[in-house]
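1. Need the 3D shape of this:
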Amino acid sequence: MPVIRIFKLLPRGHQIAIGALSTAMAVLVMVPTESAQASRDRTERPVVEGAHRQLPLKVEDQPLVDDGLPDRELVVRVNAGDTLSSIFARNGFSSSLLHDISQLGADADQLKQIHPGERLTFFLDKKGQFKALSYPLDVARTLEIRQTTGGGLHSRIISAELEHRTQYAQAEVNSNFWNAGISAGLNPGQILSLAAMFAWDLDFALDIRAGDRFAVLYEQRYKDGIHVDTGDILAAEFINQGKVYRAVRHDDGNYYSPEGRAMRKSFLRAPVNFSHISSNFNPRRLHPVTGQIKAHRGIDYAARTGTPVVAAGSGVVVESGYNQFNGNYVVIRHDGTYLTKYLHLHQRTVNKGERVKQEQQIGTVGATGRVTGPHLHYEFLVNGVHQDPKTVKLPQSAILSRAELARFKPKAEQLLVQLDRVSEVMLARQ
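-> Sure thing, here's the model as predicted:
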């Protein structure tokens, strides 16, 4: 008897039940399995293997385990004193798993550098067994370690595509440079970076005056439309007592004048991270201890005891010692022409005969010798003659090669035009 006639002879309730069951089976046949859906997701989702490059996911010799939604995620915060070993032990992961991860090579080695406050995300299966580990390296890159179907482990770094936007900031100095930077919306790191760019031309204790101005173009980085990081300063201008200083970032990460001369010169204008200046250059200054007129052939940088003192330029330490007048002192010969002296140090961190690099720490601010309080006394000699460190003419810095200059100038001109245009608009609004 045909199936359809038999079906019609059945009671009404049985007909409804059989119809519903048939419909459900048809739907199940049409819906892809979880593993099939995960496999398709793996194929379609791109992975960025390098900055600003969108690459397809590489097919490995051993395919990764199911990429579907994890059965459970365990987010672990790194505490002070934590190591990967202690984290694994605390959360019940085996030492053999830790050993296998340590054998993965360069990518996984970055787990040895975990810091307090960072987070590790473990992905577990239904039985609580390890499936994967995710560790953000920075705003754009994430280290991922997964099990393969063969039972091994695979590591890779996934890099997200970041959007770069240019931001502008400008301000006029009223009370001091730091407050002006904060009022312009710059963060502390940017303020220090701006000062560092011009540290070879300006002493930010002695030279900054009310009415000075600065303008900055810098990068902001966004991920999926959300701000995640502040990037590098691209170009900046500082107008100090009417004189204009400009700097542009090159592809090598260094800053140059619009003409292509390096902002980094042979000597820094200030060798210490100071809080204020207690006395300026004055050949006929009264000595603060004896009250007598005595040539003060340098500058005193008043700062807290222990403030780092750095070499103003590269050279060789020709003296590192102590006497009752200078206290702890260091003398550096930079070449046959230039010599610098650093007096009243709390500690000396270099020895006679040692070669030092510019900005290398050579000691700390102190109050040793004949002084009234903690400060650094800094002297600058040219051919054996004392010069005012804040006004002495210094050797010109190196200029980019012809090939590099050809690459640098078009970009520099474009950034400086942009800086000028925005500056004009901002000034017009005031």
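2. since we're on A236, how many residues are nearby?
-> Residues near A236, counting by other CB atoms under 10 Å, number 27. C-betas here are computed from N, CA, C, even on glycine.
3. What distance do you get for it to R249?
-> A236 is 9 Å from R249, where distance means CB to CB, to the nearest Å.
4. mean confidence for the helix or strand hosting V316?
-> V316 is part of strand 315-323 when elements are defined by DSSP states H and E. Strand 315-323 carries an average pLDDT of 97.
5. Which SSE is immediately downstream of that strand?
-> Taking DSSP H and E, what comes next after strand 315-323 is strand 327-333.
6. Parallel or antiparallel, which strands does that next one pair with?
-> Strand 327-333 sits in its sheet next to strand 315-323 (antiparallel), strand 338-348 (antiparallel), going by DSSP bridges.
7. Deepest-packed of those, please.
-> Mean neighbours per residue, mean count of other CB atoms under 10 Å, is largest over the strands paired with strand 327-333 for strand 338-348, with a mean of 22.
8. Poorly predicted segments of the chain, please.
-> 1-70, 273-296, 425-430 (pLDDT under 70).
9. Please convert the strands paired with strand 327-333 to JSON lines, extending it with distance to V330.
-> JSON lines is the format used below for the strands paired with strand 327-333 (distance: least, CB to CB, whole Å):
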{"stretch": "strand 315-323", "distance to V330": "5"}
{"stretch": "strand 338-348", "distance to V330": "5"}
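10. Specify the stretch among these that is closest to V382.
-> Closest to V382 of the strands paired with strand 327-333, according to CB to CB: strand 338-348, at 6.2 Å.
11. Can I get the strand ranked longest in the chain in PDB, CA atoms only?
-> Criterion DSSP state E: the longest strand present in the chain is strand 226-240. Taking C-alpha atoms only, strand 226-240 is exported to PDB below (Å, rounded to 0.1, in the frame of the first residue of the first chain):
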ATOM      1  CA  ILE A 226      38.200  53.200  19.000                       C
ATOM      2  CA  HIS A 227      41.300  55.300  20.200                       C
ATOM      3  CA  VAL A 228      43.900  52.800  21.500                       C
ATOM      4  CA  ASP A 229      47.200  54.700  21.500                       C
ATOM      5  CA  THR A 230      49.000  58.000  21.000                       C
ATOM      6  CA  GLY A 231      51.700  57.700  18.400                       C
ATOM      7  CA  ASP A 232      54.800  59.700  17.500                       C
ATOM      8  CA  ILE A 233      55.200  63.400  17.200                       C
ATOM      9  CA  LEU A 234      55.400  64.000  13.400                       C
ATOM     10  CA  ALA A 235      56.500  67.600  13.300                       C
ATOM     11  CA  ALA A 236      56.900  70.400  15.800                       C
ATOM     12  CA  GLU A 237      57.600  74.100  16.100                       C
ATOM     13  CA  PHE A 238      58.900  76.000  19.100                       C
ATOM     14  CA  ILE A 239      59.200  79.800  19.100                       C
ATOM     15  CA  ASN A 240      61.500  80.900  21.800                       C
END
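12. Given that strand, what are its sheet partners and their directions?
-> Partners of strand 226-240 in the sheet, by DSSP bridges, are strand 213-223 (antiparallel), strand 243-249 (antiparallel).
13. Would you convert these into a markdown table that also reports distance to K357 and mean neighbour count?
-> Below are the strands paired with strand 226-240 laid out as a markdown table (distance: least, CB to CB, whole Å; neighbours: other CB atoms under 10 Å):
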| stretch | distance to K357 | mean neighbour count |
| --- | --- | --- |
| strand 213-223 | 28 | 19 |
| strand 243-249 | 22 | 19 |
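14. which stretch among these comes nearest G373?
-> G373 sits nearest to strand 213-223 of all the strands paired with strand 226-240, at 31.6 Å, using CB to CB.
15. Do a quick rundown of the strands in the stretch 51-200 of the chain.
-> In the stretch 51-200 of the chain, the strands defined using DSSP state E, counting those that start in this stretch lie at 53-55, 72-77, 119-124, 130-136, 141-147, 153-159, 163-172.
16. would you list those in CSV and tack on mean neighbour count and distance to V392?
-> Converted to CSV, those look like this (neighbours: other CB atoms under 10 Å; distance: least, CB to CB, whole Å):
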stretch, mean neighbour count, distance to V392
strand 53-55, 10, 48
strand 72-77, 13, 52
strand 119-124, 18, 51
strand 130-136, 19, 48
strand 141-147, 19, 45
strand 153-159, 19, 47
strand 163-172, 16, 28
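17. Kindly reformat these as CSV containing distance to G211.
-> Below are the strands of the stretch 51-200 of the chain laid out as CSV (distance: least, CB to CB, whole Å):
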stretch, distance to G211
strand 53-55, 47
strand 72-77, 48
strand 119-124, 47
strand 130-136, 45
strand 141-147, 44
strand 153-159, 45
strand 163-172, 7
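18. buried sites along the longest strand of the chain?
-> For strand 226-240, the neighbour count (16 or more other CB atoms under 10 Å) marks 233-240 as buried.
19. likewise stretch 301-309?
-> 301-303, 307, 309.
20. So what would you say the end-to-end distance of that stretch is?
-> With CA to CA, to the nearest Å as the measure, stretch 301-309 spans 10 Å from end to end.
21. And stretch 172-179, by the same measure?
-> Rule used - CA to CA; the end-to-end distance of stretch 172-179 is 10 Å.
22. from the middle of its chain, how far away would it be?
-> 24 Å (CA atoms, centre = their mean, to the nearest Å).
23. What ranges does the stretch 301-430 of the chain have for its helices?
-> Here the stretch 301-430 of the chain has its helices, by DSSP state H, counting those that start in this stretch, at 402-429.
24. Run the chain-centre distance for stretch 384-403.
-> A distance of 29 Å separates the centroid of the chain from that of stretch 384-403, by CA atoms, centre = their mean.
25. and it, which residues are buried?
-> 386-387, 389-390, 394, 400.
26. Show me this protein divided up by domain.
-> Domains of the chain are assigned by automatic domain parsing as 44-159, 163-265+403-429, 276-387.
27. gap between the last one and the chain center?
-> In this case it means domain 276-387. 31 Å.
28. for stretch 73-93, same thing?
-> For stretch 73-93, the distance to the chain centre is 26 Å (CA atoms, centre = their mean).
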